[in-house]
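> my questions are about this predicted structure, shown below with the sequence.
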Amino acid sequence: MARDLCNTCKNPLVRCLCPFIKKVEHQTFVTIIQCDKEGSHPKNTARLLPLLSEKIEVIQAINEVQMDALKSKITQEIDDQQLVTILFPSEQALTINEISHSNLPIKHLIVIDGTWRKAKKLLLTDPFFSAIKHVSLSNEYTSRYSIRKTSVENGLSTLEAIKHAIAEI
């Protein structure tokens, strides 16, 4: 028999996080692109982020309608001279601090939620996203999320990475 889940945070009722969720204010719009099975993973942190801010959305990479709408939105933002970036520590990525010293603040931050392999694949196979400026966190942070493991040194959960990125911006 399945456990009863909280309608808001989707955790089992005995582990409901709603009392700990506090709304935060920030200027940058954040879009989380979830790779195929990540959204249904029971230990996924990205699903909690829209509960913290109305400026955070989660879309599914396999949903062509959502991806096309995101690409249209990004194209319009770029046409309007707004800075759109992808949080990904590639070789060409600038740190958020380096970007912050320019006259153009980051208006829209794209974050890929999935394994490193799937995130790289999305960036390498989709010319639209590979053409967007990559940014990385300016500092190294230690993950405090111990429920899931990563083989990447200094790897953070999506929730942690976005928290640090928003703080740096």
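Received, thanks. Residues are numbered from 1 along each chain as shown.
> any idea which helix or strand comes after the lowest-mean-pLDDT helix or strand in the chain?
None of the helices or strands of the chain scores lower by mean pLDDT, DSSP states H and E than helix 116-125, at a mean of 86. The helix or strand immediately downstream of helix 116-125 is helix 127-130, counting by DSSP states H and E.
> same for that next one, what does it pack against?
Helix 127-130 sits against helix 116-125, with contacts defined as 3 or more Cβ pairs under 8 Å, 6 or more residues apart in numbering; DSSP states H and E. No exception for glycine: its C-beta is placed from N, CA and C like everyone else's.
> put the alpha carbons of the helix it packs on into CSV.
Taking only C-alpha atoms (Å, rounded to 0.1, in the frame of the first residue of the first chain), the coordinates of helix 116-125 have been written out as CSV:
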residue,chain,number,x,y,z
TRP,A,116,26.2,15.1,-15.1
ARG,A,117,26.1,12.8,-18.1
LYS,A,118,22.6,13.8,-19.0
ALA,A,119,23.2,17.5,-18.5
LYS,A,120,26.3,17.4,-20.7
LYS,A,121,24.3,15.5,-23.4
LEU,A,122,21.6,18.1,-23.4
LEU,A,123,24.1,20.9,-23.8
LEU,A,124,26.1,19.1,-26.5
THR,A,125,23.2,17.8,-28.6
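> what about I110, neighbour count?
Around I110 there are 21 other residues, counting by other Cβ atoms under 10 Å.
> cool, and the one 3 residues further on?
Residue crowding around D113 was assessed by other Cβ under 10 Å; the count is 27.
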